[in-house]
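Participant: I need the structure of the sequence given here:
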Amino acid sequence: MGLFKDTPPSEHPDYTQLRFMAAGSPSWWKQNRHKVLAVGGLLVGFWLAGHHDAAPDTGVPAATCNAVR
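Facilitator: The predicted model follows:
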């Protein structure tokens, strides 16, 4: 089937003493960063919206139309 024989896997001599460790609990930042970034994004959005003018002030009054049909 190929150049190599199918042999069962054997343990590597350098890695037979490895032990798995349980993961530690995540820090406060990792647990709550989505909340902090969401609140920060909302605050920046409100700040930007408060500094946005609806229409630029050109100093010329708006034209009116009093035509009657």
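
Participant: So what would you say the end-to-end distance of stretch 19-35 is?
Facilitator: With CA to CA, to the nearest Å applied, stretch 19-35 spans 35 Å between its terminal residues.

Participant: And the average pLDDT for it is what?
Facilitator: Confidence for stretch 19-35, expressed as mean pLDDT, is 90.

Participant: Same question for stretch 42-59.
Facilitator: Here the average pLDDT along stretch 42-59 is 81.

Participant: Same check on stretch 7-14?
Facilitator: Mean pLDDT, stretch 7-14: 71.

Participant: how about Val39, secondary structure?
Facilitator: Following DSSP: H, G, I helix; E, B strand; the rest coil, we place Val39 in the helix state.

Participant: now it: how far from His12?
Facilitator: Counting by CB to CB, to the nearest Å, the gap from Val39 to His12 is 49 Å. Yep, even glycine has a C-beta here, placed from its N, CA and C like the rest.

Participant: What of Ser27?
Facilitator: Ser27 sits 34 Å away from His12, going by CB to CB.

Participant: swap in Phe20?
Facilitator: To His12, Phe20 is 16 Å away according to CB to CB.

Participant: Count the residues that sit near His52.
Facilitator: The number of residues packed near His52 is 6, by other CB atoms under 10 Å.

Participant: Brilliant, that's me finished.
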